[in-house]
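Student: Below: sequence and its predicted model.
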Number of protein chains: 2
Amino acid sequence: MGIDTHQEPLVYMREDSHVCRAEGFNASSRVQLKVNGKQLVATLNIVDNATLPSDHVGLSRIGIKRLEVADGDRVFVNHAPVVVSFSAVRKKVYGHTLSDSEIQSIITDISEHRYSDVEIGSFLSVCAGRRLGLDEIIGLTQAMVAAGKRLSWANSDRVFDKHCIGGLPGNRTTPLVVAIVSAAGLIIPKTSSRAITSPAGTADTMETLTEVNLPVKDIQRVVSETGACLAWGGAVNLSPADDLLIRIERALNLDGEGQLIASVLSKKIAAGSTHVIVDIPVGPTAKVRSKADAEYLAGLFVQVGKACGIQVRCIITDGSCPIGAGIGPVEEARDILAVLRQEPGAPQDLRRRALMLSAHLFDFAQGGGLDKATDKARGILESGAAWQQFERLLQAQGGMKTLPQARYHKTQTSDRKGIIASIDNRKLARLAKLAGAPSDPAAGLRLHVNVGSHLVTGDEVFTLYTESIGEQDYALNYYRDNPDIFVTGEDG
Amino acid sequence: MGIDTHQEPLVYMREDSHVCRAEGFNASSRVQLKVNGKQLVATLNIVDNATLPSDHVGLSRIGIKRLEVADGDRVFVNHAPVVVSFSAVRKKVYGHTLSDSEIQSIITDISEHRYSDVEIGSFLSVCAGRRLGLDEIIGLTQAMVAAGKRLSWANSDRVFDKHCIGGLPGNRTTPLVVAIVSAAGLIIPKTSSRAITSPAGTADTMETLTEVNLPVKDIQRVVSETGACLAWGGAVNLSPADDLLIRIERALNLDGEGQLIASVLSKKIAAGSTHVIVDIPVGPTAKVRSKADAEYLAGLFVQVGKACGIQVRCIITDGSCPIGAGIGPVEEARDILAVLRQEPGAPQDLRRRALMLSAHLFDFAQGGGLDKATDKARGILESGAAWQQFERLLQAQGGMKTLPQARYHKTQTSDRKGIIASIDNRKLARLAKLAGAPSDPAAGLRLHVNVGSHLVTGDEVFTLYTESIGEQDYALNYYRDNPDIFVTGEDG
């Protein structure tokens, strides 16, 4: 049909077609299609005009791709089988605890595309908000591992990883930490996801610098050459269910903690990691808002990790303000290059945080305390060894790309004098998303101030980057409607 | 575009169109359309072929209907405004209590079609399972009343209504109760909904007998002529939000209790009722499974009613087995006619239950105890007064229709000897739905047995009615896969 419906497949048939009448289909029916041994469940849209002959079936792009079907193929259409596992979702709606096998059946059905978007959204909504118990999170993690591929690393009994649960715009420490610790010989094959609710994920940022869409054999080669990689996890199908879940989480701007832990740890386990550091930033407008919430989450991470046979160490960090100056894939990549190359304007907050996390990994690996480990990390960055290692990594992944420039940019200046008392991370992230990040990689913004900056009227606050004037207008309208993004206090 | 997408509007544009490029739209973007002073939020599907000129916008049927747009009209397309109220849904996901104004804003946005299906599904899922507190249910009820029309009844200071929360296949007492009590002079302007998760709602059943799609002025006329009506509530727009919510509840087969109370009472309040009886059947496979759950629900119904200024009386009834023999709109209508006409084969369980509920309404109205009230109800039925009143009602609503016959029927017989120990109401309802009920009104089934029936091999168990062979096969496969629908014990 030449229609792009994103990831939910739609099928088009005429109301007067034989199969619609015989099977009693109507608009929104869930139907099963079978072609050449492949099958697919799709939602039916009824077509009533001459677009389609009565004995033909139309498909949206994703449907054609999944069925690998061509014009003229013979398609068998049936009622979609009853999705038995959805009764387990309903059980969860009513507050009951799910067994491992119930969770397994839900994840299997989602991985095999048997759930509609509305059903996936329902599952995610009722699992968010502390509604998954420890055993359910362990079951979910193991089900998500079981549904995908699993990597293993010959000759490496200890495989490291780090993860930040996000919520701080610009906080792109992962590429820096990977460069620093792998320069010292730790094995850290990092597979990252794309943004869920933020303006950029590590995979989005790395994709502006090099190829991240690496098949497993390329990842194995890159890791054997460099001890590390910075690839997109989705390309290796480590957790196919998670990719489907993330798409709906993004639409709902929802990120439940049980789902979060299962999503993070299932990918670490599938990637063959044995030692994982999880960075949990805490702040009034970060993803985690209180120390108590962070400790609750940290406890779950450690317990779920242990139950699944890996060691997890959580680090609760300051999440009160953005880290780095760039927000959005390309702008964050600029910050990473600036820190690694030790450029004068490089954001020091991002550098400090990357050194701290690298130090935790060194301490996790070798002990000896954080002070000594921090000195080691700083030495690797300052000697240029981290930058050389990063270049080796980019080369191994397919070479370094030139960062694109957004078509439009506009700098906002301050209309008052004062000191910046706070920045709303959530609204700042939304501003960057409205500008087009992460789907337009060069879209986003660059902060010229941070919490504590002294301003006079006319000082630059931030520059907005967009690929269209429509998005620029839309983002700046949001900025004007939300004066609390930057709260200015009196300059004492 | 000639595409029927049910209630969720879709818009089609070419990727290379000026507006997609300028605004940065892609597949699944939520966009706002403005034409001739009307506006609509729709989900974008990208079209890449020659179906559409690059400067044209295509719409699915529901989109064309809502915008009242014609070929050649000039359409303005923008990013959909941020749906601010969804942050309240997210708040609920995380277990926080919603304020009246937050609930009001959610219901307003849903009524005005600003939520996607996935967002509505998320809202419903997190409100189900006892997650709405008393104040939230009151707020939701009032918000749903405020979003729609409100009826009033001149010269009637007491307006009655009854509602069964469902879960028992075939339990179609409402038309019987309305006929009996209005024959005695009670004012009972009954507006019913269509099925949510069941094979038929009262509106679906009544529609097979007469016109139920009545505008307000017709309802007022019918009530002034007869003291009653049996109309579809959706046609009078008493609760536009509820109709949108019910559509997704149906897709998710979900019916949360806070949502249930708000849905029921908002329509009663909007319909101008002052005295409402709620029938709550309890049984292991009914909608409410335990006496404790029923009492919890009854308590909420009474309290929410009181807070909203109406009197509610709840009756907890036996929900252990189906009531009546027909399941599905037409088959249930046959049972109603048989009871009113006092035909010899009329289902006695349905008759008894209708008399009991009528007695409760008489006692609610005049006091004097249930025994006296039951005698009164029985007298009205046996004298033929109820049937005459029902005929008057059908005449006033537009005349009596001839019940249609399903195209296919198939009778299942017993393959064993024994006594029926239990029937699974949920699975029986599903069987009737798989046969095509309620969207095919004549589809469904007729029970030839009930709990306690003695069977020998070859006895008829039920007859299945369908409009297509596909649905017959599908339903009978489900029957064969679920031998526990009818559980047979040893005949002692």
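Tutor: Received the coordinates, thanks. Residues are numbered from 1 along each chain as shown, chains lettered A, B, ... in the order given.
Student: A:L428 touches A:I323, doesn't it?
Tutor: No: using C-beta atoms under 8 Å, A:L428 is not in contact with A:I323, being 11.6 Å away. Placement of C-beta: from N, CA and C, glycine included.
Student: what's the overlap in contacts for the two?
Tutor: Each of A:P169 lies in contact with both A:L428 and A:I323 under the rule C-beta atoms under 8 Å, 6 or more residues apart in numbering or on different chains.
Student: Any part of the helix or strand that contains A:V302 near chain B?
Tutor: Counting by DSSP states H and E, the element that carries A:V302 is helix A:291-307. No: using C-beta under 8 Å from any C-beta of the partner chain, helix A:291-307 stays clear of chain B, with a minimum separation of 10.0 Å.
Student: Go through that helix and flag the buried ones.
Tutor: A:D293, A:A294, A:L297, A:A298, A:L300, A:F301, A:V302, A:V304, A:G305, A:A307 (16 or more other C-beta atoms under 10 Å in any protein chain shown).
Student: Including pLDDT and distance to B:D415, could those go into TSV?
Tutor: Shown next, in TSV, are the buried residues of helix A:291-307 (pLDDT from 0 to 100; distance: C-beta to C-beta, whole Å):
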residue	pLDDT	distance to B:D415
A:D293	91	58
A:A294	94	61
A:L297	93	56
A:A298	96	59
A:L300	95	52
A:F301	96	55
A:V302	96	56
A:V304	96	49
A:G305	96	53
A:A307	96	47
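Student: ok, so of those, who is nearest chain B?
Tutor: Of all those, A:D293 has the smallest distance to chain B: 10.0 Å, by C-beta to the nearest C-beta.
Student: if we can go back for a sec, restricting to C-alpha, output the helix holding A:V302 in PDB.
Tutor: The C-alpha trace of helix A:291-307 is given here as PDB (Å, rounded to 0.1, in the frame of the first residue of the first chain):
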ATOM      1  CA  LYS A 291      17.500   9.500  47.700                       C
ATOM      2  CA  ALA A 292      15.000   7.000  49.100                       C
ATOM      3  CA  ASP A 293      13.700   6.100  45.600                       C
ATOM      4  CA  ALA A 294      17.300   5.800  44.400                       C
ATOM      5  CA  GLU A 295      18.200   3.400  47.200                       C
ATOM      6  CA  TYR A 296      15.100   1.300  46.600                       C
ATOM      7  CA  LEU A 297      16.000   1.100  42.900                       C
ATOM      8  CA  ALA A 298      19.700   0.300  43.800                       C
ATOM      9  CA  GLY A 299      18.600  -2.500  46.100                       C
ATOM     10  CA  LEU A 300      16.400  -4.000  43.400                       C
ATOM     11  CA  PHE A 301      19.200  -3.800  40.800                       C
ATOM     12  CA  VAL A 302      21.700  -5.600  43.100                       C
ATOM     13  CA  GLN A 303      19.200  -8.300  44.100                       C
ATOM     14  CA  VAL A 304      18.000  -8.900  40.500                       C
ATOM     15  CA  GLY A 305      21.600  -9.000  39.300                       C
ATOM     16  CA  LYS A 306      22.500 -11.500  42.000                       C
ATOM     17  CA  ALA A 307      19.500 -13.800  41.200                       C
END
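Student: so after it, what's the next helix or strand?
Tutor: Scanning forward in sequence from helix A:291-307 by DSSP H and E, the next helix or strand is strand A:311-318.
Student: Got phi/psi on A:G256?
Tutor: phi -70, psi 150 (degrees, to the nearest 10).
Student: wait, it sits on A:E136?
Tutor: No: applying C-beta under 8 Å, one finds A:G256 not in contact with A:E136, separated by 11.5 Å.
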